[in-house]
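Q: 3D model of this:
(one chain, ligands or ions: 2)
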Amino acid sequence: MIHRLCLLLVLPLALLSACDNTAEPVFHDQYLAFGTLIEVTFYGVEHAYAETVSTEIELQFMTWHHDWHPWEPGPLTETNTRLATLQPFTPEPALLPLLAEANRLSRLSNHLFNPTIGKLIAVWGFQGNPLPEGAYPDPATIEQWLAQAPTVDDVSIQGTQIVSRNPQLAYDLGAFAKGYAIDQLIDHLRKRGIHNAIVNTGGDLRAIGTRGERAWNIGIRHPRREGILARIKTSGDTSVFTSGDYERLFEVDGKRFHHILDPRTGYPATGTSAVTVVHENAATADAAATALFVAGTDDWQAIARRMGIDRVMRVDSAGVIHMTPAMQAITELNEDINAEVRITH
Ligand code: AMP
Ligand code: MG
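A: Numbering: from 1, shown residues only. Ligands and ions are numbered 1, 2, ... in the order given. Reported below is the predicted structural model:
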């Protein structure tokens, strides 16, 4: 079923006026998949055709939701089960390019974006709902995981076959699947003749073309309160992805445990509240936002350079906003933000 809700809280800001019943030729549709609200916006597309293409996108999201799910049984969980046998096998063919791209980006990030840490994510209770309350993992369990910590270098893909050398390796594509999906769907839109659009998965999005005479105007959520931290002016083809410690978290004795894990320590990454990355390609932006979040205070600039990312906004855990010059050039902070801003090369 296609849900058409007029949710005013949903990013990007460009969508806020999509429900205002003006004569603007903006088509807007929403559905639930990947554990989040997915929104598509088309500009200047005839309504019936827009509905047809939007339904194609919805069906594709539903298929991928099933195929790539990290813990509900399907092709990815089946692949993880077979990888744990350490024997070569042929997975569902459509998974191979997805895994190969995840592996490539993981290497580029010095393994800070590490899609093979599914078992660690499960240990923390982030694979499943609801999240754990009042407890976090036994440190000994994390030590055991660290002693055999997997990376994508433990996997070989040859032709249609894949094999792992590490029994602890399990793919979880939560940090990258939305970006990869959005890239495929933007390609699909172009094939269907739609060149002015946004595909948005819970605030992470790729925008192509324009909104008529205007650029798409993208809002970035404030990591510590309701409302907008900044607006980004897009031009041409732009992906905007944010990794934040506010998205999935639980508290024990007043301490926050969030869902972005540092594969070097086995614990939630420290030093950062949110990282926003802007890049042409959504898969790269998604993996990079997670990697830079993990990289933290000391390493984020080096990892951004390695990954070919020049537009980054990072809010550290003290609330200081760090921006690269290229990000500053396209960012307008909300007028009520009076945080310290540092521009860093
Ligand atoms: P994102 O919001 O894109 O940063 O993705 C966060 C999700 O990715 C988490 O909910 C986990 O499922 C998974 N994840 C957590 N830490 C990492 C990491 N260091 N590398 C790859 N995936 C991760
Ligand atoms: Mg990500």
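Q: Once you drop chain neighbours, what's closest to the most centrally placed residue in the chain?
A: Residue closest to the average C-alpha location in the chain (Cα atoms, centre = their mean): Asp286, at 4.2 Å. Spatial nearest neighbour of Asp286, chain neighbours left out: Gly179 (2.8 Å); criterion: Cβ to Cβ, 6 or more residues apart in numbering. (Glycine included, C-beta is placed from N, CA and C.)
Q: So the one you found versus Gly266, what's the distance?
A: To Gly266, Gly179 is 25 Å away according to Cβ to Cβ, to the nearest Å.
Q: returning to that earlier point: what count of nearby residues applies to the residue nearest to Asp286?
A: 29 (other Cβ atoms under 10 Å).
Q: now Thr297
A: 14.
Q: Name the helix or strand for it, please.
A: Assigned by DSSP states H and E, Thr297 belongs to helix 282-306.
Q: after that helix, next one along is what?
A: Downstream of helix 282-306, the next assigned helix or strand under DSSP H and E is strand 311-316.
Q: Would you list the strands that the helix or strand following that following strand pairs with, along with their directions?
A: Toward the C-terminal end, the helix or strand that comes next after strand 311-316 (DSSP H and E) is strand 321-323. Strand 321-323 sits in its sheet next to strand 311-316 (antiparallel), strand 341-343 (parallel), going by DSSP bridges.
Q: how about a markdown table for those strands, with mean neighbour count, mean pLDDT and distance to ligand 1 added?
A: Formatted as a markdown table, these follow (neighbours: other Cβ atoms under 10 Å; pLDDT from 0 to 100; distance: least, Cβ to the nearest ligand atom, whole Å):
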| stretch | mean neighbour count | mean pLDDT | distance to ligand 1 |
| --- | --- | --- | --- |
| strand 311-316 | 24 | 98 | 13 |
| strand 341-343 | 12 | 97 | 23 |
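Q: Ok, which of those comes nearest ligand 2?
A: strand 311-316 (13.2 Å; Cβ to the ion).
Q: That closest one to helix 282-306, inter-axis angle?
A: With axes from the mean of the first three to the mean of the last three Cα atoms, to 10 degrees applied, the angle from strand 311-316 to helix 282-306 works out at 80 degrees.
Q: returning to that earlier point: quick one: secondary structure of the residue nearest to Asp286?
A: Under the three-state scheme (DSSP: H, G, I helix; E, B strand; the rest coil), Gly179 adopts helix.
Q: Fine by me, thanks again.
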